[in-house]
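A.B. asks: No sequence on hand, only this structure:
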């Protein structure tokens, strides 16, 4: 049963620390998305890749967030420096460009103290 | 860009009753409309979807209808059960950039 894998599942860190979240998309998928979920904002799109190329990162705070796909099996989302307002659940999702279907990972719960 | 809205934001029904959740979208080029269910502490999971070339799709107790002219689509759940309690997200997909735009989500509560 193919799944999107995210690490870490839970992360508690102090303000100012660097945080890196990782995602392994489903093999064969050519789109990868990063979403942030908070109680107030629902599912907020941060970044979007197609065939590893970044297509849209307009929802991402550029001064502290960065997203990359070093290869087809790994997507990363980095926050440096982290702030308490970054506390949220970060979801990675992968899919196929042609169909639009998206499959979500279990999420990374980030708490910044 | 696409804008997807869900109404209402919360819905409470008695077990066994039907629930209908509505979404509207703004981009007439959108051609794929999935629904996701998210249980507390879990990931959103795709439960049903519809493409713009059909008007209705059914899978056991859930169905989705699409009105392209009015640009809205709805999720119908019949014979609701307590395990249907969750947050439901609708989304619209525009083929040009293959990006899913989500609604804010609706919390469905099924009272036993």
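C.D. replies: Perfect, thanks for sending it. Please read all numbers here as calculations on a predicted model, not as lab measurements.
A.B. asks: Kindly report the residues of chain A close to chain B.
C.D. replies: Taking C-beta under 8 Å from any C-beta of the partner chain as the criterion, chain A approaches chain B at residues A:31, A:33, A:42-43, A:45, A:48, A:50, A:55-56, A:91, A:95, A:97-107. No exception for glycine: its C-beta is placed from N, CA and C like everyone else's.
A.B. asks: Can you tell me which of the residues you listed are buried?
C.D. replies: Buried positions within the residues of chain A next to chain B, assessed by neighbour count (16 or more other C-beta atoms under 10 Å in any protein chain shown), are A:31, A:33, A:42-43, A:45, A:48, A:50, A:55-56, A:91, A:95, A:100-107.
A.B. asks: list the contacts for residue B:92?
C.D. replies: B:2, B:4, B:23, B:25, B:27, B:30, B:32-33, B:100-101 (C-beta atoms under 8 Å, 6 or more residues apart in numbering or on different chains).
A.B. asks: Considering only chain B, name the residue that lies closest to chain A.
C.D. replies: Residue nearest to chain A within chain B (C-beta to the nearest C-beta): residue B:93, separated by 3.8 Å.
A.B. asks: How about that residue: which residues does it bridge to?
C.D. replies: Taking DSSP bridges as the rule, residue B:93 bridges to residue B:32, residue B:100.
A.B. asks: I figured it was touching residue B:30, is that so?
C.D. replies: Yes. Between residue B:93 and residue B:30 a contact is recorded at 6.1 Å, counting by C-beta atoms under 8 Å.
A.B. asks: The two - which one has more neighbours?
C.D. replies: residue B:93 (27 against 23; other C-beta atoms under 10 Å in any protein chain shown).
A.B. asks: quick one: buried residues of the worst-scoring helix or strand of chain B on mean pLDDT?
C.D. replies: For chain B, using mean pLDDT, DSSP states H and E, the weakest element among its helices and strands is strand B:99-102, scoring a mean of 86. For strand B:99-102, the buried set under the neighbour-count rule, 16+ other C-beta under 10 Å, comprises B:99-102.
A.B. asks: Could you give the separation of it from the chain centroid?
C.D. replies: Computed by C-alpha atoms, centre = their mean, to the nearest Å, the chain-centroid distance of strand B:99-102 equals 13 Å.
A.B. asks: Need the residues that contact the helix or strand just after that strand.
C.D. replies: The first helix or strand that comes after strand B:99-102 along the chain, using DSSP states H and E, is strand B:106-111. Applying C-beta under 8 Å, 6+ apart, the set of residues contacting strand B:106-111 from outside is B:6-15, B:19, B:21, B:77, B:80-88.
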